[in-house]
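K.L.:
Here is my input, please return the structure:
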Amino acid sequence: MKRIVIALALFSSSLAFASSCPTHMKEIDAKLSSNPSVAPADMTKVKKLRADGEAFHKAGKHAESEKALGDAKKLLGI
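P.N.:
Predicted coordinates for the structure are as follows:
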């Protein structure tokens, strides 16, 4: 019984990460579409982090995705 509870907790926490990744990606995309005033070097980092975040999300690595997308949002001032 204890194993089932632990498995359910892990599964539900991974679903929580999975559902927030697309929200973060949409926020980043919206900010990018408004042509934010960001240094060119930072813009390159943002675009890489955004791409990495999506790749991690698709690979099921949601914690890594959250980190990459969070870093991109910080650079954009979101």
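K.L.:
low pLDDT regions in the chain?
P.N.:
Along the chain, segments meeting pLDDT under 70 span 1-18.
K.L.:
Check the offset of the host helix or strand of M43 from the chain's centre.
P.N.:
Element membership for M43, per DSSP states H and E: helix 40-58. Between the centre of helix 40-58 and the centre of its chain there are 9 Å (C-alpha atoms, centre = their mean, to the nearest Å).
K.L.:
residues making contact with that helix?
P.N.:
18, 21-22, 24-25, 28-29, 32, 38, 62, 64-66, 68-69, 71-72, 75-76 (C-beta atoms under 8 Å, 6 or more residues apart in numbering). For the C-beta atoms, the positions are set from N, CA and C on the backbone; glycine is no exception.
K.L.:
again, 7 Å this time
P.N.:
The contact list for helix 40-58, computed with C-beta atoms under 7 Å, 6 or more residues apart in numbering, reads 21, 24-25, 28, 38, 64-65, 68-69, 71-72, 75-76.
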